[in-house]
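Enquirer: how would this look folded up:
(6 chains)
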Protein chains: 6
Amino acid sequence: MQRYDKRKYDELRNIKITKDYTKHADGSVLIEFGDTKVICTAMVEEKIPIFLKGQGKGWITSEYRMLPSSTVTRKIRDSSKGKVDGRNMEIQRLIGRTLRSIINLEKLGERTLWVDCDVIQADGGTRTASITGAFVAIMIAVKKLKDAGRIKELPLDHFVAAVSVGVVQGQPLLDLCYEEDSKAEVDMNVVMTETGQYVEIQGTGEARPMSKEELSTLLTYAEKGIMELINLQRKTLMEQ
Amino acid sequence: MQRYDKRKYDELRNIKITKDYTKHADGSVLIEFGDTKVICTAMVEEKIPIFLKGQGKGWITSEYRMLPSSTVTRKIRDSSKGKVDGRNMEIQRLIGRTLRSIINLEKLGERTLWVDCDVIQADGGTRTASITGAFVAIMIAVKKLKDAGRIKELPLDHFVAAVSVGVVQGQPLLDLCYEEDSKAEVDMNVVMTETGQYVEIQGTGEARPMSKEELSTLLTYAEKGIMELINLQRKTLMEQ
Amino acid sequence: MQRYDKRKYDELRNIKITKDYTKHADGSVLIEFGDTKVICTAMVEEKIPIFLKGQGKGWITSEYRMLPSSTVTRKIRDSSKGKVDGRNMEIQRLIGRTLRSIINLEKLGERTLWVDCDVIQADGGTRTASITGAFVAIMIAVKKLKDAGRIKELPLDHFVAAVSVGVVQGQPLLDLCYEEDSKAEVDMNVVMTETGQYVEIQGTGEARPMSKEELSTLLTYAEKGIMELINLQRKTLMEQ
Amino acid sequence: MQRYDKRKYDELRNIKITKDYTKHADGSVLIEFGDTKVICTAMVEEKIPIFLKGQGKGWITSEYRMLPSSTVTRKIRDSSKGKVDGRNMEIQRLIGRTLRSIINLEKLGERTLWVDCDVIQADGGTRTASITGAFVAIMIAVKKLKDAGRIKELPLDHFVAAVSVGVVQGQPLLDLCYEEDSKAEVDMNVVMTETGQYVEIQGTGEARPMSKEELSTLLTYAEKGIMELINLQRKTLMEQ
Amino acid sequence: MQRYDKRKYDELRNIKITKDYTKHADGSVLIEFGDTKVICTAMVEEKIPIFLKGQGKGWITSEYRMLPSSTVTRKIRDSSKGKVDGRNMEIQRLIGRTLRSIINLEKLGERTLWVDCDVIQADGGTRTASITGAFVAIMIAVKKLKDAGRIKELPLDHFVAAVSVGVVQGQPLLDLCYEEDSKAEVDMNVVMTETGQYVEIQGTGEARPMSKEELSTLLTYAEKGIMELINLQRKTLMEQ
Amino acid sequence: MQRYDKRKYDELRNIKITKDYTKHADGSVLIEFGDTKVICTAMVEEKIPIFLKGQGKGWITSEYRMLPSSTVTRKIRDSSKGKVDGRNMEIQRLIGRTLRSIINLEKLGERTLWVDCDVIQADGGTRTASITGAFVAIMIAVKKLKDAGRIKELPLDHFVAAVSVGVVQGQPLLDLCYEEDSKAEVDMNVVMTETGQYVEIQGTGEARPMSKEELSTLLTYAEKGIMELINLQRKTLMEQ
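Expert: Numbers count the residues shown, from 1 in each chain, chains lettered A, B, ... in the order given. As a prediction, this is how the structure comes out:
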């Protein structure tokens, strides 16, 4: 089986991270996984939700949306439907959970980190691109906090990135584009730290259940991709 | 480490499935995982959503809610908030995805299966109890369809059940009660077929990431628990 | 005319009240009027709405809903419609008004009593079963408050119960089941204290207006039924 | 006890009905019960809800609202709260139920009658003024239908009006103004036909339950008031 | 071209302002522009929104709605649709902006002025009638504040009124009725002070763009009409 | 007075239009007015709203939103508030009205043009940048329709662009940036065709009314700016 875009089975698409994509957010990037493009931003607010007052801890909230024109068939806005779409809700809960599990809220202090992931063009893997980009946006934002002396140390212990894997026509593949994703029998999103530990695993048998062997290969492919993504995050953050 | 209720690490709580718990649904059960109690029902409607018309296929919709009094602190109703809570939305999407992946919609024919999981008492593991109970409710409902000659064969190929596993104080555990769940460092829900294949895996590092060894033990415990649950489902369905 | 289930015209259905049906609420019962089954719970919250602060008075809020599978045709959830159904709203206002009129809010002190009535199976008379069961749930909850020394005396002066009456084919009847209710020309709900005084009367000419004679007979039947219900409430509360 | 405005215990306030108050509705009146002023309109739409198609029957829908400036403290609009207020919902359900019970939907034919009651100034008894005024608006509208040959006979068999009664300081009173209503121990709304039959009775013990003697006096007062209101309706409709 | 109702091109319809139309509001008028009738009220609340606390300034909020029966085809209520209609929103923003620009919020003091414009009959020009009437209602309300010594001086420096102008069949016209408005190629609303300065100009090419000459004539007509309206406002306010 | 960014009073900011900014829309541009950046897209759907069926005409719908991170203080999403913000509603109604007035819906045929304007960075003038960019996106989309033979001629007769003007410290200015806009005494948005005719004029006295002389200068400045914008639109569309 040849992949839709000629890639090897365990090869990522062309990945690009553009820092400081917009000027108002404390941290902002445009992240591209091939034709998937997401604006990820982090904004610091010196305020926390009432239920956290007086505990010396911070908070992270994240939202995920797609522009109506980001998909082949125009996607109706949640605000026009009057309610948040189930898929958007599920994805932003995943992003928030992931980020809260790697950020030390005590070290962040009594402030809120607003993370927004807005897909401007979708071609598969938008949620994993969002997590990978959001991590960089947060790093930029918290570094500014540290440089300004508002926090003493960075509230993140290790790098984190995410990638999708799946099985198409019986073949495990890394980083599926939309064309592959829409035909996948099995679909999995993996979020992992630089030390090779799992922050989140979400595997679904779309068309049929997944065998133990498939699970094992998919986890191996995901780890390979994530290590490459973390390298790129690191390089991006070191550039001036 | 001793478990809160003295169980072995890989031991399920006391599981009970009461068939025909209410009279109007085509299939209905009360499922109990220890103190967790969920009413699962399946109702057949001879109608499908417009976008499916004329394709000879059926549809499955599922909803999950908790009674306000099911939790220690009263849970505000979604209808009083005016929107579906993110957690409820995520869980009912999981239940629906799971059920759609094991039911053959062509064999179901042009009808909708409404699956409702209403938690009347919560003590951890409500989503996996819901899936395990919903499967039985559906089986009862589709058997009635077959007995009435409305379908030719059962639209399900294999049994499916679900269980939660997690790591508490470094110790992997099967079927966490609320007391354990609230302290878990790592939390995972597994949905599996009787043939040992994964329908869904959702693992989350709540307090810290999960190691590869932990993942492996948790999957082993989950499989043991699910095989026991499927035995009970089978026994329940065979009783008159 | 013979009644659908052979009862006498002024005879209640088989009534059952199961105490402590679920474990988290301060007071909880399952009440059954024949095939009508309602979970009624009372939960105490040590907090009152802002507009009542500093007046030394408590508050009661009640909600009424039906599980989707409680009726023959699946009932769409309010949360899926995005708004509370008019009938649910009307019934929960009736329940709340009734309970507030018999509870002494000063004696309750600055706390809120949350009353939830969730119908798990409907066969006519769900609102009157809800009131009758909610009264018992509240009594259990306020007795606990008194036993714990959090209030000095019970904030209720007399017992209260409710029943439906109606006219079917010209014949006044007590405690209509769904089969009767759906054909009733005249329909009335009565809430009464143990001293025979009216807390609420709601009579409606469904198919035609009601004569003065019918009104008189219906009120007599209602009183008979309510006295029997209050006896059962009393017995239930005295059991250990 | 002297009444707030010197009326006798069983005396109505000054009642006025102004026909054709606005020009676009098929029937419209301004009805005044003392300082209570309500615009009641009826509009005919040659269309029925889908679920009624093909049955040869019509439909009636009614809505009740208060202008924000109709009350002493500005009343927040339902549309600004994003949901219909429970009291408005309850009242419009009462109005609709009342009207549907006296109108013959077969004779109305496949059309919808939209009834709107908008309170422009409130001083007690708005729901009963609404019903009394809505009846006149409907009569005007259906007479136009008959005059135009669109229906053969009037779809109403008898006149209907409504009035509030209540107990203040132990004294039963007819047609309470706001000053009285806000202190009433017992409150009742009665809807009655010209033949003295009950279309709707809604009695509530606000501060304490109501005795049988009170119920009896209140019903007598209500009947007296309603007969006077029906006389006025009749006179209004006969004027050119 | 002759106008629908024989008026001259730059002639207003018959304008009437009835003071104290309802009794609960601090200021209230019924304003009529021909068959267009709007109830405009102003209510003072001794409270301001949280974000303004402690600044010594007041606030103005305004709402605009149409009764369902105010138009030829019944207008669905915003509260029944569950959201505020775009046109209503746009108009009430215009009314609020206009009023805030001519009222000195410091002189008003820490209180809110609620302005409600409720159209009871519509025949074109409802938004400009609303502004013209709201100004009078506010003047009545603030004069009461001053008479009661709650403010030292009136917080308004000059009179303001509004009128619509438009082009029909190439002919500029003042104060369009519905019949004219529905055929207008160009449509403009002008809000002006007694000193001939513009508070708001909103011109729209409905069917085609507007030429510079048309703009100029329309502004001249508008000024003529507004000066007449301000005269009437002044006269109304001076009457006892 | 020197302008914030040294521009002349009647000078536009640096304007840039990037064609084909995203790949799924039929027409898409990124338009920049200085630091204001808006993604404008046009998508063709071969379907029209039900109320237009069978008339041989098309339809245009437009939506305007700002990304949460587009402003200095994070802007809450409409979908998180559960309703469309009044300002967004007003702006998208302006965009839609403008576009519908210059597009010939008969020539468009029975299809819908969805226009989305999503602000990714805001620095004043987002609504006029949206209109100017949306025009180009639509031109790209309808040219594709024509090239594909789906329409016979372009359904637009003339170019249209928009710009904001205002008065700051008594000085009329063209194309205000946020810094200027936030201090403007008078604010106006003008939409004009290449032939110098007005499609829309919206002028507001923010802090005080506007004099006739100011109106005249602002219209002159706006015309100058719009002619330059139309030149750029034309150049952009001619490039390959």
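Enquirer: close to chain C, is the helix or strand of chain A with the lowest mean pLDDT?
Expert: Ranked by mean pLDDT, DSSP states H and E, the weakest helix or strand in chain A is helix A:78-81, scoring a mean of 85. No - against chain C, helix A:78-81 shows no contacts by CB under 8 Å from any CB of the partner chain, the least distance being 10.1 Å. Just so you know, the C-beta spots here come from the backbone N, C-alpha and C atoms, and that holds for glycine as well.
Enquirer: pull out the buried positions in that helix.
Expert: Buried residues in helix A:78-81, counted by 16 or more other CB atoms under 10 Å in any protein chain shown: A:D78, A:S79.
Enquirer: quick one: name whatever helix or strand follows it.
Expert: Heading C-terminal from helix A:78-81, the first helix or strand you meet, by DSSP states H and E, is helix A:86-102.
Enquirer: which residue ranges form the strands in chain A?
Expert: Using DSSP state E, the strands of chain A run over residues A:15-19, A:27-33, A:36-45, A:59-66, A:112-121, A:160-168, A:171-174, A:186-193, A:198-205.
Enquirer: top helix in chain A by residue count?
Expert: Using DSSP state H, we find that the single longest helix of chain A is helix A:212-238.
Enquirer: what helices or strands is that helix leaning on?
Expert: Where contact means 3 or more CB pairs under 8 Å, 6 or more residues apart in numbering or on different chains; DSSP states H and E, helix A:212-238 is packed against strand A:15-19, helix A:126-147, strand A:160-168, strand A:171-174, strand A:186-193, strand A:198-205, strand B:198-205.
Enquirer: in the shortest one, what's buried?
Expert: Using 16+ other CB under 10 Å as the burial criterion, the residues of strand A:171-174 that qualify are A:P172, A:L173, A:L174.
Enquirer: now for the last one: which residues touch it?
Expert: Listed by CB atoms under 8 Å, 6 or more residues apart in numbering or on different chains, the contact set of A:L174 reads A:Y9, A:D10, A:E11, A:L12, A:V163, A:V165, A:Y221, A:A222, A:K224, A:G225.
Enquirer: can you report how many residues neighbour A:G133?
Expert: Under the neighbour criterion other CB atoms under 10 Å in any protein chain shown, A:G133 is assigned a count of 31.
Enquirer: I meant A:I103, not that one.
Expert: 22.
Enquirer: surely it is in contact with A:P155?
Expert: Yes - the criterion here is CB atoms under 8 Å, and A:I103 meets it with A:P155 at 5.2 Å.
Enquirer: distance check, the residue of chain A found nearest chain E against E:S79.
Expert: Of all residues in chain A, A:G82 sits closest to chain E, at 6.8 Å by CB to the nearest CB. For A:G82, the distance to E:S79 equals 14 Å [CB to CB, to the nearest Å].
Enquirer: got a pLDDT number for the most far-flung residue of chain A relative to its centre?
Expert: Relative to the centre of chain A, and counting by CA atoms, centre = their mean, the farthest-placed residue is A:G54 at 30.5 Å. The score at A:G54 is 88. That number is its pLDDT.
Enquirer: got phi/psi on it?
Expert: Backbone torsions of A:G54, given as degrees, to the nearest 10, read phi 80, psi 10.
Enquirer: need the contact list for it.
Expert: By CB under 8 Å, 6+ apart, no residues touch A:G54.
Enquirer: what residues does chain A put near chain C?
Expert: Contacts of chain A with chain C, taken as CB under 8 Å from any CB, map to A:G82, A:K83.
Enquirer: return the residues of chain A in contact with chain F.
Expert: Contact residues, chain A versus chain F (CB under 8 Å from any CB): A:22-25, A:28, A:35, A:37, A:39, A:41, A:43, A:45, A:63, A:65, A:67-72, A:74, A:77-80, A:82-84, A:114, A:116, A:118, A:120-122.
Enquirer: so where is chain A shaky, pLDDT-wise?
Expert: A:240 (pLDDT under 70).
Enquirer: report the central residue of it.
Expert: So for chain A, CA atoms, centre = their mean, it's A:I131, sitting 1.3 Å from the centre.
Enquirer: can you name the residues bridging to the closest residue to that one other than its chain neighbours?
Expert: Of all residues not flanking A:I131 in the chain, A:A162 sits nearest, at 3.9 Å (CB to CB, 6 or more residues apart in numbering or on different chains). With DSSP bridges as the criterion, A:A162 is bridged to A:V191.
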